[in-house]
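**Student:** With the sequence up front, the predicted model follows.
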Amino acid sequence: MGYKEEFIDIYNENIKREGSQNLLEWLQKTDFFTTPASTKFHGACEQGLVMHSISVYKTMMEKHFDPETDNPESFAICALLHDLCKAQFYKISTRNVKNDETGQWEKKPFYTIDDAFPFGHGEKSVFLIERFMRLKPAEAIAIRWHMGGFDEAARGGSFAISHAYEKYPIAVKLHLADLESTYLREKNTSAVNK
């Protein structure tokens with residue numbers, strides 16, 4: 001089973017909310033299932049974004065899901081859709097790279113950012129999801145702040161992130177799952193930095 005099929009299976013099994021099928025249909029019209037997760041770090045390869053989304057879901061479920069207090073639908077929504085902002089976000093360009101064996105310069109493809117809707121990272125994901133289905137406040141907060149200290153607002157000194165993490169445990173769980181997936185589970189998944 002490929003990443004796209006696995007994503008759709010997890011999505012359909014767990015997400016039943018009104019509008020969820022419209023969101024899934026829209027996703028399939030974008031490059032979500034083929035685009036990278038980054039330009040040169042984790043998942044800088046074809047299908048990197050969907051691979052990362054599944055990895056975050058699995059990490060979140062394995063490490064942080066408590067059947068007594070957590071909602072499987074909320075976990076699936078947060079993990080699978082936290083980086084929705086990266087659909088229609090990257091483009092392929094080329095650059096000249098010297099071939100060490102031949103000494104010749106060759107054109108090599110690489111990913112660049114082409115953000116047509118620069119609305120922020122987590123904020124943009126929340127906005128795009130809400131065009132199709134309503135998020136619960138905890139889900140919106142988790143997706144908004146999944147970048148943790150890497151978020152521009154947090155780096156700028158905003159205290160909203162600490163309030164979000166104190167009030168909504170799912171936000172902490174998503175951030176931790178995203179970190180583990182990015183830096184541990186997806187190590188060496190970049191076609192650029194091999």
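**Tutor:** Yep, that arrived.

**Student:** so who does the residue lying closest to Asp70 once chain neighbours are set aside touch?
**Tutor:** Leaving aside its chain neighbours, Asp70 sits nearest to Ile170 (7.2 Å; criterion: Cβ to Cβ, 6 or more residues apart in numbering). C-beta: built from backbone N, CA, C; applies to glycine. With contacts defined as Cβ atoms under 8 Å, 6 or more residues apart in numbering, the neighbours of Ile170 are 70, 74-75, 78, 138-139, 141-142.

**Student:** centroid residue for the protein?
**Tutor:** In the chain, the residue lying closest to the centroid (Cα atoms, centre = their mean) is Asp83, at 2.8 Å.

**Student:** Surely that one is in contact with His52?
**Tutor:** Yes - between Asp83 and His52 there is a contact under Cβ atoms under 8 Å: 6.7 Å.

**Student:** Now for the two: what residues contact both?
**Tutor:** By the contact definition Cβ under 8 Å, 6+ apart, Asp83 and His52 are jointly contacted by Ala37.

**Student:** picking that back up, ok, the residue nearest to Asp70 to Glu25 distance?
**Tutor:** 26 Å (Cβ to Cβ, to the nearest Å).

**Student:** same question, Gly48
**Tutor:** 22 Å.

**Student:** higher neighbour count, these two?
**Tutor:** Taking other Cβ atoms under 10 Å, Gly48 and Glu25 do not tie; Gly48 has more neighbours (25 against 10).

**Student:** Would you enumerate the residues in contact with that one?
**Tutor:** Taking Cβ under 8 Å, 6+ apart as the criterion, Gly48 is in contact with 35-38, 42, 189-190.

**Student:** By residue count, tell me the biggest helix in the protein.
**Tutor:** helix 48-64 (DSSP state H).

**Student:** And the next helix or strand past it?
**Tutor:** helix 72-81 (DSSP states H and E).

**Student:** Tell me which other helices or strands that following helix touches.
**Tutor:** helix 3-14, helix 48-64, helix 122-130, helix 137-144, helix 169-180 (3 or more Cβ pairs under 8 Å, 6 or more residues apart in numbering; DSSP states H and E).
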